[in-house]
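Trainee: Just to be clear, the model below is a prediction. Sequence and coordinates:
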Amino acid sequence: MKTQPKTQKRIQHISLRANAIQPSGIRKFFDLLSSIDGVISLGVGEPDYTTPWHIRESAIESIEKGQTMYTSNSGMPELRRELARHLKNEFAVDYDPTDELLITVGVSEALDLTMRALIDPGDEVILPDPSYVAYSSCVILAGGKPVHIPTYEANNFEITAKDIEERLTPKTRAILIGYPSNPTGAVMSRKKLADIAALAIKHDLTVVSDEIYSKLIYGAEFTCFASLPGMKERTVFLGGFSKAYAMTGWRVGYAAAPKEIIAAMHKVHQYTMMCVPTMSQMAALEALKGEQDSIAEMVEDYNRRRQVMVKGFRDIGLNCFEPRGAFYAFPSIRCTGMTSEEFAEKLLSEEKIAVVPGSAFGKCGEGYVRCCYATSLADIEEALKRMGRFVKKYKK
């Protein structure tokens, strides 16, 4: 009797680009939460507010009316028109809703589309370190090379024109910035942004500006990068509804840019996402047209929590940079002698507090952890109590 030959296990081929990126350090700790009871999460960057009722109601009404079909790939014309009006009123930047705006599935898709529209294999994109986890990965997935500029607490985690110019090469294609910053909460001054704008003009570079946290500002001035002189025509302005309107799960973002760039992004968008869900677009339309008082109330509440968290960290012996935007604190944990990941893992297992290691956001994030204060004041105070006990135990 013949023996059957052993079937060889097929070796799956994984692309070099997919292998070049790391799983999200944020999602790793988010997934751990589901397996541990009683955890206080300071990890995920998500408002703890429910989407305002008038926004939810508009989506419900659209479903009841049977408005469940595809929309234009670019997004509903009425949403783009209202968004153009909003951007003009808010930032004094004039966009044509027909061909300079694209509605996307969150800012994450907008960022991905931007990189794929701008980058050829081997092109370089300059970005700050630390910065949001998706920045480097989107550059790599587009075939580009991220060039990281270290930023430090001593310099308010700001990137400068001088830093950028020192790293320019013939392959530099774009500068990618995100202020207010995730994870540090840093806000760039108008003067420093203007210096970067002048550099972009001098070297004919595109600037990609992620401004998703533009409405979450505490005692600082926010500058829309595209509003700077000469920058509308060389800026890809990314924004969305997730943070200011507590609409993370609705997945609605947008890109505003010169029509040639939007046209290129549109090509990729129509073959991947096609369009944002109709009911989510109706909700976004209502968010822009409806009352805005809830935003101010939310920001005021975040500011109180921010002050409690920053003071609390300093009181328990952790140096903490003062965030002026977004909803994150970025305390230094170097006094414990642990790496960021060790600190986060031990804190979760011993005290049931979830934070994100600073190293998830780049090499310069090592020695820090990101803590989100978009959670209840009671949870923040309890988390500080547990973290105080933890730091006392391990402080060198």
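Mentor: That came in fine, so what should we check first? Numbers count the residues shown, from 1 in each chain.

Trainee: Could you report the neighbour count for Ala200?
Mentor: Ala200 has 22 neighbours, counted by other C-beta atoms under 10 Å. Yep, even glycine has a C-beta here, placed from its N, CA and C like the rest.

Trainee: what do you get for Ala226?
Mentor: 23.

Trainee: Am I right that it sits in a strand?
Mentor: No: checked against DSSP: H, G, I helix; E, B strand; the rest coil, Ala226 lies outside a strand; its state is helix.

Trainee: Would you enumerate the residues in contact with it?
Mentor: Shown in contact with Ala226 (C-beta atoms under 8 Å, 6 or more residues apart in numbering): Phe91, Val93, Ser209, Lys232, Thr235, Phe237, Ala256.

Trainee: ok, now Asp94?
Mentor: Applying C-beta under 8 Å, 6+ apart, the residues near Asp94 are Ala84, Lys88, Lys232.

Trainee: May I ask which helix or strand encompasses it?
Mentor: Following DSSP states H and E, one finds Asp94 outside all helices and strands.

Trainee: returning to that earlier point: among the contacts of Asp94, name the buried ones.
Mentor: Ala84, Lys232 (16 or more other C-beta atoms under 10 Å).

Trainee: sorry, back to before: which of the contacts of Ala226 sits closest to Val133?
Mentor: Distance to Val133 across these (C-beta to C-beta) is lowest for Ser209, with 17.7 Å.

Trainee: need the contact list for Tyr152.
Mentor: By C-beta under 8 Å, 6+ apart, the contact list for Tyr152 reads Cys364.

Trainee: And it, how close does it get to Gly367?
Mentor: 11 Å (C-beta to C-beta, to the nearest Å).

Trainee: before we move on, back to that, which one of the contacts of Ala226 is nearest to Ser359?
Mentor: Nearest to Ser359 among the contacts of Ala226, counting by C-beta to C-beta, is Ser209 at 25.0 Å.

Trainee: sec struct for the closest one, please.
Mentor: strand.

Trainee: Distance of it relative to Tyr135?
Mentor: 12 Å.

Trainee: can you tell me which of the contacts of Ala226 are in helices?
Mentor: Phe91 (DSSP state H).

Trainee: Out of the contacts of Ala226, which end up buried?
Mentor: Among those, those buried by neighbour count (16+ other C-beta under 10 Å) are Phe91, Val93, Ser209, Lys232, Thr235, Phe237, Ala256.

Trainee: Output those in a markdown table; the columns should cover distance to Lys65 and pLDDT.
Mentor: Formatted as a markdown table, the buried ones among the contacts of Ala226 follow (distance: C-beta to C-beta, whole Å; pLDDT from 0 to 100):
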| residue | distance to Lys65 | pLDDT |
| --- | --- | --- |
| Phe91 | 33 | 97 |
| Val93 | 33 | 98 |
| Ser209 | 37 | 98 |
| Lys232 | 37 | 97 |
| Thr235 | 37 | 98 |
| Phe237 | 32 | 98 |
| Ala256 | 29 | 98 |
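
Trainee: Closest to Glu100 out of the residues you listed?
Mentor: Closest approach between those and Glu100, by C-beta to C-beta: Ala256, at 6.1 Å.

Trainee: so Glu350 sits right up against Phe390, yeah?
Mentor: Yes: with contact defined as C-beta atoms under 8 Å, Glu350 and Phe390 form a contacting pair (6.4 Å).

Trainee: Same drill for these two, tell me which one is more crowded.
Mentor: Higher neighbour count among Glu350 and Phe390: Phe390, with 19 against 13, using other C-beta under 10 Å.

Trainee: In JSON lines, list the contacts of Asp94 along with distance to Tyr218.
Mentor: Shown next, in JSON lines, are the contacts of Asp94 (distance: C-beta to C-beta, whole Å):
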{"residue": "Ala84", "distance to Tyr218": "28"}
{"residue": "Lys88", "distance to Tyr218": "25"}
{"residue": "Lys232", "distance to Tyr218": "27"}
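
Trainee: Closest one of the contacts of Asp94 to Lys162?
Mentor: Closest to Lys162, out of all of the contacts of Asp94 and judged by C-beta to C-beta, is Lys232, at 24.4 Å.

Trainee: Which residues are in contact with that closest one?
Mentor: Contacts of Lys232 (C-beta under 8 Å, 6+ apart): Val93, Asp94, Ala226, Pro258.

Trainee: Let's have those residues in CSV, adding distance to Gly249.
Mentor: Shown next, in CSV, are those (distance: C-beta to C-beta, whole Å):
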residue, distance to Gly249
Val93, 28
Asp94, 31
Ala226, 28
Pro258, 31
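
Trainee: Residues in contact with stretch 284-303: which ones?
Mentor: 47, 49, 52, 54-55, 57-59, 76, 78-79, 82-83, 85-86, 103, 215-218, 241, 244-247, 250, 252, 327, 373-374.

Trainee: Correct me if wrong: Ala244 contacts Leu216.
Mentor: Yes: at 6.8 Å, Ala244 counts as touching Leu216 under the criterion of C-beta under 8 Å.

Trainee: Counting neighbours, go ahead and name the busier of those two.
Mentor: Taking other C-beta under 10 Å, Ala244 and Leu216 do not tie; Leu216 has more neighbours (26 against 20).

Trainee: Now the host helix or strand of Lys191: buried residues?
Mentor: For Lys191, the host element (DSSP H and E) is helix 190-203. The neighbour-count check on helix 190-203 (16+ other C-beta under 10 Å) flags Lys192, Leu193, Ala194, Asp195, Ile196, Ala197, Leu199, Ala200, Ile201 as buried.
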